[in-house]
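Trainee: give me a model of this one.
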Amino acid sequence: MKKKKLLFLTILFFLTAILTSCLFDSEDSALSSWLSDQGLPDSYKVQTLSVSDLTPISAEAFLNMTPRSANDRSLLGRYSNIEHDMVLDFGFESGLLSSLKSADSAASFLFFRLIPSLYRSKYFPKDSFPITEELALNVSWKLSRSTKSDFLEDLKEISDSSWFDSLKDWNPDGSVDTTYSISIGSKDSTLTLVLPHALIDDIRSEISNCRLQIRLSAPDAKHVYRFYGPNYIYGPQFRMTTLSDTLYKYRNLTPFRVADAIVNHEECSDCLVLHGGVTDSLVVELPSEPIMKSLSDFYGDEFPYNMGDGDDVRQAVVRAQVTFSRDDSQGSSELGLPIQVVVGTYRDSADKELRRIEDYKPNDSLVKKSGHPNMVFHEGDSLTLQVTYGMREFINKASDGRTFKLMMRMGYPVLQEKDPSYENYITSKGDTSYVFFSQFDYARYDFTEVMKKPATLKLWLASKRGED
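Mentor: You can find the predicted model right below:
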């Protein structure tokens, strides 16, 4: 039995690692003879099985509200019921504060440079310009001081994760509501915010080393504005200006770090909503009984066939996909592009449940005809997700009564939905062909009604039945 199992696993690896793309560009009727065409044993066959009417037994949406790094892409505003607050962390040394305190007058500004790859992109909706709105902004801040000489160096040593955790309970020392007139054209690149005098007065009140944490909130904004983060030379700048005896001085400061603090304004706590650009997820459970019964009926014997270590060595999943209905009218997107849905499945490892992101393998002929099936906001009324890794494990473990679980997230917008490469590549002319857009669409998609309808599971099985 061990030799047979080793032979089977060797053939399975050969199948999945080398020949998968060819296999799944074929018609179903040709799959069973494909192995023999490749010179592999005739006893191994590729057969397909569809299991319909799989109504999810549970579905739950999760939104991770933990603040996260915005050092590469800083965000401010709101779209699709998700607000993005920007929190910046600065340090001021005592020498600067001494000159600031003695100045006749002082002012400060925040400068942000918009990410041109978004706003100047030919894929950004042209009818969006100019972007104009009266941006109602809440500016709040926290100050901490110390006379220690290494105060600023200590600030740099604070880990991002501990800082993010501290932002969950934001109790500011001061806060001011203000309004800015925003007008952004396709060639505009900067946004300047004049900071409240109350903040400057707080900073000027002492000359010891100072840490400033400042939070910008725009809960009624019409857009999510994207800026360079401090990892770039174009990142946010805090400018302090002073005037003393007609001598004008200014100083620019870069934040140590920037956080994206997410605020959820969804009113329906039970709705199954996914948002683009954030780390929320939708976990769906499908029942095991109809899947196992269909396999038993398909093979005509008990399934799974348990021997030795409990794995049924007579078949393995070469590919699996689950298809849900889709209604794009229940969603909203800013860029108007199709958006990929990323899927992960669950498996056991040392009695611990782990999630593994699935490796998507395009069906070339299908993609060229109707586009990738794992997208929302494009033609068609279905969403097909590949769940091969998870189903490969599930098929041999489901006898203990477990359900089949998958996780969904919204990924990047797709620029070429009918390009089967599914990755950016260099063309024969040396140009880069971009299949994905480089920026997230902070879109919203409601799967509540979708998960009330039955799904269909399709399996491709490489099988050897019997002992010979």
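Trainee: burial measure for residue 435, as a count.
Mentor: 18 (other C-beta atoms under 10 Å). All C-beta spots, glycine's among them, are computed from the backbone N, C-alpha and C.
Trainee: ok, the one 4 residues further on next?
Mentor: Using other C-beta under 10 Å as the criterion, residue 439 is surrounded by 19 other residues.
Trainee: tell me the secondary structure for it?
Mentor: Of the three states, residue 439 takes coil according to DSSP: H, G, I helix; E, B strand; the rest coil.
Trainee: verify the stated contact: residue 298 with residue 48.
Mentor: No - look at residue 298 against residue 48 with C-beta atoms under 8 Å: they stay out of range, at 9.7 Å.
Trainee: okay, the closest residue to residue 176 other than its chain neighbours: pLDDT?
Mentor: With sequence-adjacent residues excluded and distances taken as C-beta to C-beta, 6 or more residues apart in numbering, residue 176 is closest to residue 196, at 4.0 Å. Note for residue 196: predicted pLDDT of 90.
Trainee: ditto for residue 286
Mentor: Residue 286 is assigned a predicted lDDT (pLDDT) of 96.
Trainee: sec struct for the residue nearest to residue 154 when sequence neighbours are not counted, please.
Mentor: Using C-beta to C-beta, 6+ apart and skipping residues adjacent in sequence, the residue nearest residue 154 is residue 148, 7.3 Å away. Of the three states, residue 148 takes coil under three-state DSSP.
Trainee: what's the distance between residue 148 and residue 340?
Mentor: 49 Å (C-beta to C-beta, to the nearest Å).
Trainee: more neighbours, the two?
Mentor: Shown here are residue 148 and residue 340; by other C-beta under 10 Å, residue 340 has more neighbours (21 against 11).
Trainee: hang on, the earlier thing: ok, residue 298 and residue 48, which is more surrounded?
Mentor: residue 298 (18 against 15).
Trainee: for the more buried one, what are its contacts?
Mentor: 47, 49 (C-beta atoms under 8 Å, 6 or more residues apart in numbering).
Trainee: quick one: secondary structure of it?
Mentor: Under three-state DSSP, residue 298 comes out as helix.
Trainee: and it, what pLDDT?
Mentor: 85.
Trainee: and what of residue 413?
Mentor: So residue 413 comes in at 96 (pLDDT).
Trainee: confirm for me that it is in contact with residue 338.
Mentor: Yes - counting by C-beta under 8 Å, residue 413 does reach residue 338; the two are 6.8 Å apart.
Trainee: more neighbours, the two?
Mentor: Taking other C-beta under 10 Å, residue 413 and residue 338 do not tie; residue 413 has more neighbours (25 against 22).
Trainee: surely residue 147 meets residue 206?
Mentor: No - if you go by C-beta under 8 Å, residue 147 and residue 206 don't touch, sitting 9.9 Å apart.
Trainee: between those two, who's got more neighbours?
Mentor: The neighbour count for residue 147 versus residue 206, taken as other C-beta under 10 Å, is higher for residue 206 (15 against 10).
Trainee: ok but that one is inside a strand, no?
Mentor: No - under three-state DSSP, residue 206 sits outside any strand and is assigned coil.
Trainee: the strands in the stretch 301-450 of the chain, which residues?
Mentor: Assigned by DSSP state E, counting those that start in this stretch, the stretch 301-450 of the chain shows strands spanning 315-325, 331-332, 339-349, 352-357, 375-376, 382-386, 404-413, 425-426, 432-433, 444-446.
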